[in-house]
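1. Predicted structure and sequence below. I'll ask about it afterward.
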Amino acid sequence: MNKSELCQLLPHTGKMCLIDQLLSWDSTTLIAQTTSHLKQDNPLQQQDGMINSIMGIEYAAQTMALHSALLYQENYRQEQSLQKKDSGYLATIRNIQMNAEHLNPSLSDNTHPLIISVSLLMSDTQGYCYKFNITRHNMTLISGQLTLFLV
């Protein structure tokens, strides 16, 4: 799946589509990769060009949205009566642990992609709950739990 195909599954477009590549997925997990944190025109950058680690929540939310869209597609093929809910809202953010100040590294270490992993904890017709982990070069930058309500 290329970036254009990924972005069609996400609620964001253009530069706000932060995920570059789907590495693997199944019914409970999805692992994605991106180098968007290294781009000069990343919309999450602060004036100093850095991206605070708390912005990892947006990366995780987009990865969650990608997983839920893929689940919907897979289930829709099996059950024609499913009704897709077009939008969702981030409802809760829990157990956040930040181990780095920024997602984008120093200039001396600017080649490693972010790896975003999400694991489905719970889902129903009203939403999804995931735990997430974002790493760069085998170092966990931010992790936590997000709940999305569908409307």
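-> In hand now; what should we look at?
2. So what's the residue count around the closest residue to P43 other than its chain neighbours?
-> Computed as CB to CB, 6 or more residues apart in numbering, the closest residue to P43 that is not its neighbour in sequence is K15, at 5.1 Å. C-beta here means a position set from N, CA and C on the backbone, and glycine is covered the same way. Using other CB atoms under 10 Å, K15 has 12 other residues around it.
3. From K3, how far off is K15?
-> 12 Å (CB to CB, to the nearest Å).
4. and the spatially most central residue of the chain, how far is that from Q33?
-> For the chain, the residue sitting closest to the mean C-alpha position, by CA atoms, centre = their mean, is T63 at 2.5 Å. As for T63, its distance to Q33 is 10 Å (criterion: CB to CB).
5. what residues do these two have in common as contacts?
-> 19, 116 (CB atoms under 8 Å, 6 or more residues apart in numbering).
6. For stretch 27-41, buried residues please.
-> Within stretch 27-41, the residues scored as buried using 16 or more other CB atoms under 10 Å are 30-32, 34, 36-38.
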